[in-house]
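# pasting the structure only:
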DNA sequence: AATTTTCATTTGTCAGACAATTAATCGTCT
DNA sequence: AGACGATTAATTGTCTGACAAATGAAAATT
């Protein structure tokens, strides 16, 4: 392992890249121990703090884990789906909030991707998935619920739907699309009427899933997408009108 | 900003979390400057190297950027879609390679998600998208192409298809699913015959897109999914048979 | 043989220093 | 007065050396 000394500086970034490449190319295997920080600083001919900064970078991406003590050190981490979920959600949420993505665009993405689970979910859904969806639907119909709790339950419902497709890769990819919508949804005030409509559609989706009717799931999801979008649009319009009046 | 001194250690992780939370909650706005490393080390009552490790963690997630010099410092970074692509691809690739996800599962996820673009792409595709897809299809039909180059072109084709949906959120989410497949695809040896079939399906997809026929796009994508899976399965079977013979 | 103690290794943290970079400030000259 | 160059201050990047804390292994003791 060597690094380019006349590169645009930032040694720790270069070292992180070198190690990351070694992991991605398979030179470093899962659970393999990296050289100690002292050895790495010799190999790369930099100081230990610089090596440490590089290792922290990799740690932030869950590529390595560290352990103190005699047999400790930095180890190549087996990246688990659960670890990746969190990062995916963080990144997706920030992407939406920092790039003024419109509600419509985010909503379109979420439902378009989610609809791709309809067939698989109707084939593979278990009683567990269905029970979760029923429970969340029921919670959503309770009167005293805050808008935040309603949205959180909405996310839980849709995650169950996605998980019902029984494909961890899909679940991972959609975690971001589904969860990142919550901050946007939280900005909407749901009337009793609109909640009722959404709960109704959720029930229909659950029913269709129970009967393993993929086409119906898809149809109701599509209806839900349309309704959510219309609802958001009317709220945005109302706010703009109120703004114009002031 | 304060941190818990009797937490399970790793000060730099705690500090990183504190700053990350401040960014995600909106306490720190895009392009806002963080206090200097010296100030942060005072505020958190830790040493500068510890603060630096925390900042490197955040930098690895593209949450901040740093600049040297008099007016330099660490700034909250506007997370761009392009930056997020890279992380998404890295994470997805490692997820697949480290969790022995089967080719079938990954393939299913990729095509299920990609099919959700069919309708949108057929409505919004521009001449540019079409031209890219035609160009890649043409490249794929050239005889001397290595398997790696063939797969790379395949990825480029499908990215153009995804981008044609004209929704940056979808493009971002699917970047991982599409690109992370390449290492798996690279392990397949494509016969002249199978290449021909794939190129044929690609052409049909492009044709359908040209005519803005979403249903046809979806159908051909589905056919491509089936064919890819069958192809991979036959290769896996052949390898196992060869293995049994030895 | 089991238990305790010691020890070596390794990461986590700290203090202080210097180099490199960069923009603002200050002088100087025209 | 204005343009241009030198100085300066602030800030990140890097290094050195040190000590603390954790932890497993080896040695000593019972």
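The structure has been received and is ready for your questions. A quick note: this is a predicted structure, and the numbers were derived from the prediction, not measured. Numbers count the residues shown, from 1 in each chain, chains lettered A, B, ... in the order given.

# How about the residues of chain A by DNA strand C?
Contacts of chain A with DNA strand C, taken as Cβ under 7 Å from any atom of the strand, map to A:9, A:34, A:36-38, A:48-49, A:52, A:55, A:66-74. C-betas here are computed from N, CA, C, even on glycine.

# let's see it at 6 Å
Proximity of chain A to DNA strand C, by Cβ under 6 Å from any atom of the strand, involves residues A:36, A:37, A:38, A:49, A:52, A:66, A:68, A:69, A:70, A:72, A:73, A:74.

# Now the buried members of the residues you listed.
A:37, A:52, A:66, A:73, A:74 (16 or more other Cβ atoms under 10 Å in any protein chain shown).

# Say whether chain B is contacted by the longest helix along chain A.
Of all segments of type helix in chain A, defined using DSSP state H, the longest is helix A:214-245. No. Helix A:214-245 lies out of reach of chain B by Cβ under 8 Å from any Cβ of the partner chain, never closer than 10.3 Å.

# So which elements touch that helix?
helix A:103-115, helix A:118-124, helix A:192-210 (3 or more Cβ pairs under 8 Å, 6 or more residues apart in numbering or on different chains; DSSP states H and E).

# Most tightly packed of those?
Comparing the helices and strands packed on helix A:214-245 by mean neighbour count (mean count of other Cβ atoms under 10 Å in any protein chain shown), helix A:103-115 ranks first with a mean of 22.

# still on that earlier bit, taking the buried ones among the residues of chain A next to DNA strand C one by one, which sit in strands?
Of the positions in those, A:66, A:73, A:74 sit in strands, assigned by DSSP state E.

# JSON lines for those residues, including pLDDT?
JSON lines is the format used below for these (pLDDT from 0 to 100):
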{"residue": "A:66", "pLDDT": "96"}
{"residue": "A:73", "pLDDT": "95"}
{"residue": "A:74", "pLDDT": "97"}
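
# which parts of chain A sit against DNA strand D?
Residues of chain A that fall close to DNA strand D, judged by Cβ under 6 Å from any atom of the strand: A:9-12, A:46-50, A:68-72.

# Same list (the residues you listed) but as JSON lines, adding pLDDT and distance to residue A:175.
Putting these into JSON lines (pLDDT from 0 to 100; distance: Cβ to Cβ, whole Å) gives the following:
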{"residue": "A:9", "pLDDT": "71", "distance to residue A:175": "36"}
{"residue": "A:10", "pLDDT": "90", "distance to residue A:175": "31"}
{"residue": "A:11", "pLDDT": "95", "distance to residue A:175": "34"}
{"residue": "A:12", "pLDDT": "96", "distance to residue A:175": "30"}
{"residue": "A:46", "pLDDT": "96", "distance to residue A:175": "37"}
{"residue": "A:47", "pLDDT": "96", "distance to residue A:175": "39"}
{"residue": "A:48", "pLDDT": "97", "distance to residue A:175": "37"}
{"residue": "A:49", "pLDDT": "97", "distance to residue A:175": "35"}
{"residue": "A:50", "pLDDT": "97", "distance to residue A:175": "34"}
{"residue": "A:68", "pLDDT": "93", "distance to residue A:175": "32"}
{"residue": "A:69", "pLDDT": "91", "distance to residue A:175": "34"}
{"residue": "A:70", "pLDDT": "91", "distance to residue A:175": "38"}
{"residue": "A:71", "pLDDT": "93", "distance to residue A:175": "35"}
{"residue": "A:72", "pLDDT": "90", "distance to residue A:175": "32"}
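
# which residue is nearest the middle of chain A?
Centroid-nearest residue in chain A, with Cα atoms, centre = their mean: residue A:176, separated by 2.4 Å.

# Check that one and give its pLDDT.
Each residue has a pLDDT score; the one for residue A:176 is 89.

# for the one 4 residues further on, same thing?
As summarised for this prediction, residue A:180 has a pLDDT of 91.

# try residue A:3
57.

# circling back to that earlier point, and the ones in strands among the buried ones among the residues of chain A next to DNA strand C, which is closest to residue B:158?
For these, the minimum distance to residue B:158 (Cβ to Cβ) is 35.9 Å, reached by residue A:74.

# Now do the contacts for that closest one.
By Cβ atoms under 8 Å, 6 or more residues apart in numbering or on different chains, residue A:74 lies in contact with A:33, A:34, A:37, A:55, A:58, A:64, A:65, A:66.

# hang on, the earlier thing: would TSV of the helices and strands packed on helix A:214-245 with mean pLDDT be doable?
As requested, the helices and strands packed on helix A:214-245 are exported to TSV (pLDDT from 0 to 100):
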stretch	mean pLDDT
helix A:103-115	93
helix A:118-124	96
helix A:192-210	94
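
# Return the set of buried residues in stretch A:40-53.
Buried-residue list, stretch A:40-53, by 16+ other Cβ under 10 Å: A:40, A:41, A:44, A:46, A:50, A:51, A:52, A:53.

# what's in contact with it?
A:1-3, A:11-12, A:15, A:18, A:34-35, A:37-38, B:49, B:52-53, B:56.

# returning to that earlier point: among the residues of chain A next to DNA strand C, which two are most distant?
Farthest-apart pair in those is A:49 and A:70; separation 22.3 Å (Cβ to Cβ).

# Go through the helices and strands packed on helix A:214-245 and name the closest to residue B:26.
Taking Cβ to Cβ, helix A:103-115 is the member of those nearest to residue B:26, at 17.4 Å.

# sorry, back to before: list buried residues within the contacts of residue A:74.
Of the contacts of residue A:74, these count as buried by 16+ other Cβ under 10 Å: A:34, A:37, A:55, A:58, A:64, A:66.

# can those residues go into a markdown table with extra columns for distance to chain B?
Converted to a markdown table, the buried ones among the contacts of residue A:74 look like this (distance: Cβ to the nearest Cβ, whole Å):
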| residue | distance to chain B |
| --- | --- |
| A:34 | 16 |
| A:37 | 12 |
| A:55 | 9 |
| A:58 | 7 |
| A:64 | 12 |
| A:66 | 9 |
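
# Of these, just say which sits nearest to DNA strand D.
Nearest to DNA strand D, judged by Cβ to the nearest atom of the strand, of the buried ones among the contacts of residue A:74 is residue A:37 at 9.3 Å.

# which ones are touching the closest one?
For residue A:37, the contacting residues are A:48, A:51, A:52, A:55, A:74, by Cβ under 8 Å, 6+ apart.

# if you set the cut-off to 6 Å instead, what comes out?
With contact taken as Cβ atoms under 6 Å, 6 or more residues apart in numbering or on different chains, residue A:37 is in contact with A:48, A:51.

# Give me the distance between the nearest residue to the residue nearest to the centre of chain A once chain neighbours are set aside and DNA strand C.
Distances taken as Cβ to Cβ, 6 or more residues apart in numbering or on different chains put residue A:92 closest to residue A:176, at 3.3 Å, once the chain neighbours are dropped. According to Cβ to the nearest atom of the strand, to the nearest Å, residue A:92 and DNA strand C sit 28 Å apart.

# buried set for the strand or helix carrying residue A:92?
Under the criterion of DSSP states H and E, residue A:92 resides in helix A:81-98. Residues A:84, A:87-98 are the ones in helix A:81-98 that count as buried (16+ other Cβ under 10 Å).
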